[in-house]
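Peer 1: only geometry, no sequence info:
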């Protein structure tokens, strides 16, 4: 949709004979703009009732009211200017309207546009063969998504640093491949990786250390490390790069390098894409528990609860693995019990909340959203307790 204004040219014939009582509407003919939207000008020759002086039945010299009415098929954000033309075609009186949403069937305009006496005064030469000419210079405001607005280049430019090592000041050796990076970005977004860099190229007694030996990163695959760096530099995690193997590898690496935001992003993507089976569910449950992935653990637990009957009569690796973790078995029994009882008395404790709900509430409070579900509940309860104490102390 273009931002160019449309000019709607309205003509109200035989103005002098129009009714002068307050509140009486006189509609114009219907006019269509360049985009096919339909409009009418609604004229109140005797003004609106609330503009009558003293609140009486009439006013000897009322203000003429002008309103634009949307008679089209859709609500539109508009801004417009009303221009009264005189017999020469010059603008005699003009008023601007601030941007507004004009819904279908609604009107918007100016209750006190011009005194009726000024229009009827022949010396002002306003009427053209007895008709009132009003132009509406109107601009329909498009939605933000329909306009091209260049994005802030900062994010893209920082990502480009990964492609150019000219300004790099630290290097990593991952699977015998040298990967460059920049300390200031690591300092901001990956403090643990930044700690690895200490001693490399730092100033000592005013002289720059020439040690540029790459820092070895062991037990992390090159592809995984590159995804982590991309995230640290402000990039998103490509969903198509996450499968069962890369997802678990990314979560372990993010935990190791203390990049919790990446871990949570991968966890969410993994929950969306992961297909569980009876053969794999125990491994994923133990993985989620060991890596503090409560959303993944919640998803796996829900699968087990939904198929509880199948697992109760199943004597296989699943039962053997879980028997090695009495705490996980206890949690499963507790979860099944909670699902069956659905006790609302525990709602305020956070126990009945989903992991996503807990993280949302913690985020709104500006608190850390990483950790097990037990940790999240404890964090939320602590915050609520502090708020209650603060309120009672006022």
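Peer 2: Thanks, I have the structure now. The shown structure was predicted, so the numbers you read here are calculated from the model rather than taken from an experiment.
Peer 1: Buried residues of whichever strand or helix holds residue 378, list them for me.
Peer 2: Taking DSSP states H and E as the criterion, residue 378 maps to helix 373-392. Within helix 373-392, the residues scored as buried using 16 or more other C-beta atoms under 10 Å are 373, 376, 377, 379, 380. C-beta here means a position set from N, CA and C on the backbone, and glycine is covered the same way.
Peer 1: Stretch 102-113 too?
Peer 2: So stretch 102-113, judged by 16+ other C-beta under 10 Å, has buried residues 102, 107, 108, 109, 110, 113.
Peer 1: Now do that stretch: distance to the chain's middle.
Peer 2: 32 Å (C-alpha atoms, centre = their mean, to the nearest Å).
Peer 1: so how far is the first residue of that stretch from its last?
Peer 2: 19 Å (C-alpha to C-alpha, to the nearest Å).
Peer 1: separation between the nearest residue to residue 131 once chain neighbours are set aside and residue 164?
Peer 2: Nearest residue to residue 131 in three dimensions, chain neighbours excluded: residue 13, at 4.8 Å (C-beta to C-beta, 6 or more residues apart in numbering). Look at residue 13 and residue 164: by C-beta to C-beta, to the nearest Å, they are 71 Å apart.
Peer 1: do residue 372 as well
Peer 2: 40 Å.
Peer 1: Settle it for me: which of those two has more neighbours?
Peer 2: More crowded of residue 372 and residue 164, by other C-beta atoms under 10 Å: residue 372, with 16 against 9.
Peer 1: Would you check how far apart the more buried one and residue 150 are?
Peer 2: For residue 372 relative to residue 150 (C-beta to C-beta), the value is 43 Å.
Peer 1: same check, this time on residue 286
Peer 2: Distance from residue 286 to residue 150, by C-beta to C-beta: 48 Å.
Peer 1: Tell me which of those two has more neighbours.
Peer 2: More crowded of residue 286 and residue 150, by other C-beta under 10 Å: residue 286, with 17 against 5.
Peer 1: For the chain, just list every one of the helices.
Peer 2: Along the chain, counting by DSSP state H, helices occupy 116-120, 154-160, 183-189, 191-197, 222-232, 244-257, 260-273, 281-290, 294-306, 308-312, 317-323, 326-341, 355-364, 373-392.
Peer 1: possible to save those helices as CSV with mean pLDDT and distance to residue 168?
Peer 2: Converted to CSV, the helices of the chain look like this (pLDDT from 0 to 100; distance: least, C-beta to C-beta, whole Å):
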stretch, mean pLDDT, distance to residue 168
helix 116-120, 94, 74
helix 154-160, 89, 12
helix 183-189, 93, 9
helix 191-197, 90, 11
helix 222-232, 94, 11
helix 244-257, 92, 18
helix 260-273, 91, 21
helix 281-290, 90, 35
helix 294-306, 87, 35
helix 308-312, 68, 52
helix 317-323, 70, 45
helix 326-341, 73, 44
helix 355-364, 91, 33
helix 373-392, 85, 37
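Peer 1: Minimum distance to residue 238: which of the ones you listed has it?
Peer 2: Among the helices of the chain, the nearest to residue 238 by C-beta to C-beta is helix 222-232 (7.8 Å).
Peer 1: who does the closest one touch, helix- and strand-wise?
Peer 2: strand 170-174, strand 177-181, helix 183-189, helix 244-257, helix 260-273 (3 or more C-beta pairs under 8 Å, 6 or more residues apart in numbering; DSSP states H and E).
Peer 1: now the angle from it to strand 170-174?
Peer 2: With axes from the mean of the first three to the mean of the last three C-alpha atoms, to 10 degrees applied, the angle from helix 222-232 to strand 170-174 works out at 150 degrees.
Peer 1: How far does the helix holding residue 378 sit from its chain's centre?
Peer 2: The chain centroid and the centroid of helix 373-392 are separated by 27 Å under C-alpha atoms, centre = their mean.
Peer 1: What of stretch 366-381?
Peer 2: 24 Å.
Peer 1: Kindly report the same for stretch 149-166.
Peer 2: 22 Å.
Peer 1: Since that was my last question, I'll sign off now.
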